[in-house]
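A.B. asks: structural data only, the sequence is not supplied:
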């Protein structure tokens, strides 16, 4: 007969999730995702972009980013600004099980010939 062993719980690690979206032309309008995400394990959320919004001349625009909690409040009370692709940004620290939504906006208003899309990965 084999006895069952009581093993401690195995810690789960955060994993990468694809993110993508489209900003508004105005830099004052924020879009908040309807998708609630759940942080796995204690630690910082990390984010990296492969594509950011661009101006009509092809230069990257900044992407403003913030995290919204279940009550609709901005975590940390402010936002992050991302300005380059290929860089992994380490930002807001969250506890295991925290739920949040992403919220984002363009850094600069752009109304003609601009690309408003972004994509990348978010590790939570």
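C.D. replies: The structure has been received and is ready for your questions. Keep in mind that what you see is a predicted model, and the values were worked out from it rather than measured.

A.B. asks: which residues are in contact with the helix or strand bottoming out on mean pLDDT in the chain?
C.D. replies: Ranked by mean pLDDT, DSSP states H and E, the weakest helix or strand in the chain is strand 88-94, scoring a mean of 91. Strand 88-94 is contacted by residues 39, 42-48, 65, 67, 75-76, 80, 82, 100, 124 when judged by CB atoms under 8 Å, 6 or more residues apart in numbering. For every residue, glycine as well, the C-beta is placed using N, CA and C.

A.B. asks: please check those and keep the buried ones.
C.D. replies: 39, 43, 45-48, 65, 67, 75, 80, 82, 100, 124 (16 or more other CB atoms under 10 Å).

A.B. asks: quick one: which of those residues is nearest residue 54?
C.D. replies: Taking CB to CB as the measure, residue 54 lies nearest residue 82 of those, at 13.4 Å.

A.B. asks: pLDDT value on the closest one, please?
C.D. replies: Looking at residue 82, its pLDDT is 95.
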